[in-house]
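**Q** Structure of the sequence below:
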Amino acid sequence: MNKRFREHQNGLGSNYTKKHLPVKLVYYEEFPNIKLAFEREKQIQGWRRKKKKALINGKYESLPKLSHNYSQFSDWRD
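**A** Numbering: from 1, shown residues only. Predicted structure coming up:
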């Protein structure tokens, strides 16, 4: 985690990160390999802001309700 964070702080991350320095680490997960970490990063990038905030704040129980398609399937979840 420290290596990746330092890379971002030094402008070696994505173009978005380079333009928004300095970065602040608010959440992280560890993975056994880069492929899995990249897939998870892309998944989270596709989430709405409210869902990302819930993840950062540890409100995991609210994540399904904040999904884009939650309302489509709410009948069978109730």
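
**Q** CA atoms for contacts and neighbours, from now on please.
**A** Fine.

**Q** And the pLDDT at W47?
**A** Here, the pLDDT recorded for W47 equals 94.

**Q** Phi first, then psi, for it.
**A** With angles defined as degrees, to the nearest 10, W47 sits at phi -80, psi 160.

**Q** In space, what's closest to it - neighbours in sequence excluded?
**A** S67 (7.6 Å; Cα to Cα, 6 or more residues apart in numbering).

**Q** Is it correct that that neighbour is in contact with K51?
**A** Yes - the pair S67 / K51 is scored as a contact, 7.3 Å apart, by Cα atoms under 8 Å.

**Q** More neighbours: the two, which one.
**A** K51 (21 against 13; other Cα atoms under 10 Å).

**Q** mind listing what the more buried one touches?
**A** Going by Cα atoms under 8 Å, 6 or more residues apart in numbering, K51 touches 62-63, 66-67.

**Q** ok, now S62?
**A** 51, 54.

**Q** can you tell me how far it sits from V26?
**A** 18 Å (Cα to Cα, to the nearest Å).

**Q** K19: neighbouring residues, count only.
**A** Residues near K19, counting by other Cα under 10 Å: 11.

**Q** Take the one helix or strand E39 maps to, keep the C-alpha atoms, and write them as CSV.
**A** Taking DSSP states H and E as the definition, E39 sits inside helix 34-45. Only the C-alpha atoms of helix 34-45 are listed here, as CSV (Å, rounded to 0.1, in the frame of the first residue of the first chain):
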residue,chain,number,x,y,z
ILE,A,34,-2.2,-6.5,-9.4
LYS,A,35,-4.9,-7.9,-11.7
LEU,A,36,-7.4,-8.4,-8.9
ALA,A,37,-6.5,-5.0,-7.4
PHE,A,38,-7.0,-3.3,-10.8
GLU,A,39,-10.4,-5.1,-11.3
ARG,A,40,-11.6,-3.9,-7.9
GLU,A,41,-10.4,-0.3,-8.6
LYS,A,42,-12.4,-0.3,-11.8
GLN,A,43,-15.4,-1.7,-10.1
ILE,A,44,-15.4,1.1,-7.4
GLN,A,45,-14.7,3.8,-10.0
